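S.K.: Here is a sequence with its predicted model. Questions after.
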Amino acid sequence: MADKATIIVQSGYMDNLYSALIIGTGALSMGMDVSMYFTFWGLERLKKGQLDAGPLSRMNLLGLGKWMMKHKMRQSNVRTLEELLQDFAELGGKILACDMTMEIMGIGREDLRDDVISDYCAVGTYIKEARESEITLFI
Amino acid sequence: MGNEETITELNVTGETCPVPLVETRKAVRKAQPGDIIEVSGDHPASKEEIPMAVESLQLKLLSVEETENGWIIRIKIPEDTDG
């Protein structure tokens, strides 16, 4: 049975999303099973059309910092968040949306990207997976 | 005579992390036991990372060759694995 990596994506910052997806796709590429649990601000990114909406966690400079970062990424031919998300799903990664966050923040299933979300769940599911995982991360 | 071996060529020149690794993984998933995948690229870190993934995935690393523009890594899918 393959090793597992479980990642909680709680923040909605662009750089944090990149880290989560690069680590997630990296782990899948090394033969691990990977689950990503989206909560709070991370779940906002799974709303339709909102994947790119996060600011940088630092040096956002009212959007200028984010623009510069995206510019550098384009120059270095870095994949977009959407492409990384598709790669993640294609390689068998699981994307889970937190029920509780949805309730608190008034997010309905119809608001979210059901094309990429594998399942909706609560903390018990996360704990069950996390306790069996070699890698657990909180991003 | 010899076995029917499919050789898949994957060119990830110009791609940065994590693309070479991700595309290699996708190619491995599509390949059949006995197939050979030839990945060519120029990202320095991937020259180290792809052999690591090959080991993790329990595939066979045939060769790592430096070229003028970068590197070529040859991978064989073992006969008794399901990728």
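M.R.: On my side now, so go ahead. Numbering: from 1, shown residues only, chains lettered A, B, ... in the order given.

S.K.: helix or strand right after the worst-scoring helix or strand of chain B on mean pLDDT?
M.R.: Least confident helix or strand of chain B, by mean pLDDT, DSSP states H and E, is helix B:44-56 with a mean of 92. Downstream of helix B:44-56, the next assigned helix or strand under DSSP states H and E is strand B:60-66.

S.K.: which parts of that next one are buried?
M.R.: By 16 or more other Cβ atoms under 10 Å in any protein chain shown, the buried positions in strand B:60-66 come out as B:V64. To be clear about C-beta, it is placed using only N, CA and C from the backbone, and glycine gets the same treatment.

S.K.: strands paired with the following helix or strand past it, and their directions?
M.R.: Downstream of strand B:60-66, the first helix or strand assigned by DSSP H and E is strand B:71-76. Sheet pairing for strand B:71-76, assigned by DSSP bridges, gives strand B:36-41 (antiparallel), strand B:60-66 (antiparallel).

S.K.: The least confident helix or strand of chain B packs against which elements?
M.R.: Helices and strands touching helix B:44-56, as assessed by 3 or more Cβ pairs under 8 Å, 6 or more residues apart in numbering or on different chains; DSSP states H and E, comprise helix B:19-30, strand B:60-66, strand B:71-76.

S.K.: sorry, back to before: is it possible to get TSV of the strands paired with strand B:71-76 that adds distance to A:R131?
M.R.: Shown next, in TSV, are these (distance: least, Cβ to Cβ, whole Å):
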stretch	distance to A:R131
strand B:36-41	35
strand B:60-66	33
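
S.K.: Using a markdown table, lay out these together with mean pLDDT.
M.R.: Shown next, in a markdown table, are those (pLDDT from 0 to 100):
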| stretch | mean pLDDT |
| --- | --- |
| strand B:36-41 | 96 |
| strand B:60-66 | 96 |
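
S.K.: Does A:G26 touch B:V19 like I think?
M.R.: No: between A:G26 and B:V19 there is no contact under Cβ atoms under 8 Å: 10.7 Å.

S.K.: who's more crowded, those two?
M.R.: Each of A:G26 and B:V19 has its neighbours counted (other Cβ atoms under 10 Å in any protein chain shown); B:V19 has more, 23 against 19.

S.K.: Quick one: residues contacting the more buried one.
M.R.: Taking Cβ atoms under 8 Å, 6 or more residues apart in numbering or on different chains, we find B:V19 in contact with A:79, B:12.

S.K.: Show the pLDDT at it.
M.R.: pLDDT recorded at B:V19 is 93.
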